[in-house]
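Chemist: This is the structure alone, sequence omitted:
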């Protein structure tokens, strides 16, 4: 399983698109976000 890393500077639309693509391909995904800013973007 691939891990998608999210930072406080990540574009939320890009995160959503990447997440949707991984879920379509593999059926599940894992996000890794450290810190309040990154969690808000995730």
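Modeler: Thanks, I have it. Please read all numbers here as calculations on a predicted model, not as lab measurements.

Chemist: all contacts plus neighbour counts: C-alpha atoms, from now on.
Modeler: Noted.

Chemist: thought residue 40 was touching residue 9?
Modeler: No. Counting by CA atoms under 8 Å, no contact exists between residue 40 and residue 9, whose distance comes to 10.3 Å.

Chemist: tell me the SS of residue 5?
Modeler: When the structure is split into helix, strand and coil by DSSP: H, G, I helix; E, B strand; the rest coil, residue 5 lands in strand.

Chemist: actually residue 14, sorry about that
Modeler: Three-state call for residue 14 (three-state DSSP): helix.

Chemist: In contact with it: list those residues for me.
Modeler: Contact partners of residue 14, counting by CA atoms under 8 Å, 6 or more residues apart in numbering, are absent.

Chemist: pull the helix or strand with minimum mean pLDDT from the protein.
Modeler: Here the helix or strand of the chain ranked lowest by mean pLDDT, DSSP states H and E is helix 36-41, holding a mean of 87.

Chemist: can you pull the buried residues of that one?
Modeler: Of the residues in helix 36-41, those buried under the neighbour-count criterion (16 or more other CA atoms under 10 Å) are 38, 41.

Chemist: moving C-terminal of the helix or strand harbouring residue 19, what's the next helix or strand?
Modeler: Using DSSP states H and E, the element containing residue 19 is helix 12-26. Secondary structure here is assigned by DSSP H and E; on that basis, the next helix or strand after helix 12-26 toward the C-terminus is strand 30-33.

Chemist: who does that following strand pair up with?
Modeler: strand 3-6 (parallel) (DSSP bridges).

Chemist: My guess is residue 29 contacts residue 16. True?
Modeler: No. Counting by CA under 8 Å, residue 29 does not reach residue 16; the two are 11.5 Å apart.
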